[in-house]
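>>> Okay, sequence plus prediction incoming.
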Amino acid sequence: MALRQILEFPDPRLRKIASPVTVFDGNLENLIGDMFETMYEAKGIGLAATQINVHERLLVIDLSEEKDQPMVLINPKVSILEDELSEHDEGCLSVPGYYETVSRPRRIRVSAQEKTGQSFEMEAEGLLSTCIQHEIDHLDGKLFVDYISALKRQRIRQKLEKERKMSA
């Protein structure tokens, strides 16, 4: 396994729409291992392949404190189970250090594939629902900052660009 570089906003590669995964092999398994290692190292709870410049419909999640409940969702599709929204302060490994309140559907159903290609369905609510939707947004070229005002988004962009210039 290897750590991968996480792309940061406003990198245009974060806007690329991911393609479906069609090959389920050792390379995919290695990529999944790299994604978990990268996510855990960065202290995240979710990571989409797009964030490491791999444009395939793959995401990993682990909401557990002990980091012992890894979830892999390949080619995920979401259906909303109820109109009620829940709000969470969302952060993102691609927008480091920034958090904003985002409203998303509270309960969803996800159909996806495991790393073997086996299909499955699950229901999610609360933080898991939010996390899945956040990561699927990445696969669709969308970031959580797209849900906030253009002014706030521009301020975050300028601050991140300034921080990158100062650390270069």
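Yes, it's here. Here the structure is a predicted model, which is why all the values come from computation and not from measurement.

>>> List the buried residues for the biggest helix by length in the chain?
If each helix of the chain is counted by residues according to DSSP state H, the longest one is helix 150-167. Neighbour counts over helix 150-167 (16 or more other CB atoms under 10 Å) mark 153, 156, 160 as buried. C-beta: built from backbone N, CA, C; applies to glycine.

>>> how about those in TSV, adding pLDDT?
Shown next, in TSV, are the buried residues of helix 150-167 (pLDDT from 0 to 100):
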residue	pLDDT
Arg153	93
Ile156	93
Leu160	92
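
>>> Tell me who's in contact with the spatially most central residue of the chain.
With distances taken as CA atoms, centre = their mean, Glu135 lies nearest the centre of the chain, 2.7 Å away. Contact analysis of Glu135 by CB atoms under 8 Å, 6 or more residues apart in numbering lists 46-48, 59, 61, 73.

>>> mind checking which helix or strand the residue lying closest to it once chain neighbours are set aside is in?
Leaving aside its chain neighbours, Glu135 sits nearest to Leu59 (4.0 Å; criterion: CB to CB, 6 or more residues apart in numbering). Leu59 is part of strand 58-61 when elements are defined by DSSP states H and E.
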